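Trainee: Predicted model and sequence below, questions to follow.
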Amino acid sequence: MVQFSANLGFLWNDLPLPDAIHKAKAAGFVAVEMHWPYATPSADVKAALDETGLPCLGLNTQRGDAAGGDNGCTAIPGREAEARGYIDEALAYARDIGAMNVHVMAGFTDQSAAAKATFAQNLRYACAQAALTQRNILIEPLNHRDAKGYHIGTIAQAQEALAAVDLPNLKIMFDCYHLQIMQGDLLKLFESCQAQVGHVQIAAVPDRGEPDSGEINYPWLLPELMRLGWTMPFGAEYKARGTMEDGISWINSYL
């Protein structure tokens, strides 16, 4: 059966995080994931996860100066200490709540050799620290329509970064929304990198709304990914077109 993880960075993000976890459980999600949960004490999140029985699949490192336009800084030369501080923070929070994946955000770069070397060095540090508690590090290609200039935008660029680091706990976040915009042909694209994928996320294209319309036929695609061997919940990382309650009925066809 196709199962889903609620990305609470977008879903029920008007509620306190523990309340959002309970909402996800009631809606039929079997897991949750988060963007930047750091304003909520990890003990409160862990309590809600324990109460609902939902695992947390992952969270992101801090963006940095988000108001100033940052979207991570792991690949930005000269900001290594800051990047590693965010990595340490994310791994500590992940350990506290039992999350198995940390998405390390690269930031906006010129894709230069220096940026690639900085990214690789920081990712080696992240992977070494994550390995101490048997956790994975994820990197994610973002589309250059929403995140112009982000350090990685394609699977090939993500694979190049994986090859430069060459550690087994570095994986790719396969976000169908971003990759449909950048590359398309999602089933073949997934086949080309399946062994390197650590998590799969979904949303409609082009509006990033509920995954029930638009360019991607998820009722066909998701069972096909499972036929190839994918067994984990798919991360629902979409922006509700109206209220959460009005839009959540899409999940019922899978339940």
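Mentor: The structure has been received and is ready for your questions.

Trainee: the helices in the stretch 51-200 of the chain, which residues?
Mentor: Along the stretch 51-200 of the chain, counting by DSSP state H, counting those that start in this stretch, helices occupy 80-97, 113-131, 155-165, 176-182, 186-193.

Trainee: out of the ones you listed, deepest packed?
Mentor: Across the helices of the stretch 51-200 of the chain, averaging neighbours per residue (mean count of other C-beta atoms under 10 Å) puts helix 176-182 on top, at a mean of 24. From N, CA and C alone the C-beta is placed, and that goes for glycine too.

Trainee: sorry, back to before: mean pLDDT and distance to residue 212 added to the helices of the stretch 51-200 of the chain, as CSV?
Mentor: Supplementary listing: the helices of the stretch 51-200 of the chain in CSV, determined by pLDDT from 0 to 100; distance: least, C-beta to C-beta, whole Å:
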stretch, mean pLDDT, distance to residue 212
helix 80-97, 98, 30
helix 113-131, 98, 35
helix 155-165, 98, 25
helix 176-182, 98, 13
helix 186-193, 98, 17
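
Trainee: Save those as CSV, and put in distance to residue 251 too.
Mentor: Formatted as CSV, the helices of the stretch 51-200 of the chain follow (distance: least, C-beta to C-beta, whole Å):
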stretch, distance to residue 251
helix 80-97, 24
helix 113-131, 31
helix 155-165, 27
helix 176-182, 16
helix 186-193, 20
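
Trainee: wait, which of those helices is closest to residue 38?
Mentor: helix 80-97 (6.4 Å; C-beta to C-beta).

Trainee: what packs against that closest one?
Mentor: helix 42-52, strand 58-60, strand 101-103, helix 113-131 (3 or more C-beta pairs under 8 Å, 6 or more residues apart in numbering; DSSP states H and E).

Trainee: what's in contact with that helix?
Mentor: 37-38, 42-43, 45-46, 49, 56, 58-62, 64, 72-74, 76, 99-102, 104, 118, 121-122, 125-126, 129-130, 133, 135 (C-beta atoms under 8 Å, 6 or more residues apart in numbering).

Trainee: Quick check on the residues you listed: which are buried?
Mentor: By neighbour count, with 16 or more other C-beta atoms under 10 Å, the contacts of helix 80-97 hold 37-38, 42, 45-46, 49, 56, 58-62, 64, 72-74, 76, 99-102, 104, 118, 121-122, 125-126, 129-130, 135 as buried.

Trainee: if we can go back for a sec, closest one to residue 253 among the helices and strands packed on helix 80-97?
Mentor: When those are compared (using C-beta to C-beta), the closest one is helix 42-52, at 22.8 Å.

Trainee: All the strands of the stretch 151-255 of the chain, in order from the start?
Mentor: 170-175, 197-202, 234-236 (DSSP state E, counting those that start in this stretch).

Trainee: TSV please, covering these and showing mean pLDDT.
Mentor: Formatted as TSV, the strands of the stretch 151-255 of the chain follow (pLDDT from 0 to 100):
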stretch	mean pLDDT
strand 170-175	98
strand 197-202	98
strand 234-236	98
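
Trainee: possible to save the ones you listed as CSV with mean neighbour count and distance to residue 187?
Mentor: Shown next, in CSV, are the strands of the stretch 151-255 of the chain (neighbours: other C-beta atoms under 10 Å; distance: least, C-beta to C-beta, whole Å):
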stretch, mean neighbour count, distance to residue 187
strand 170-175, 24, 11
strand 197-202, 22, 12
strand 234-236, 24, 14
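
Trainee: Perfect, I'm done here.
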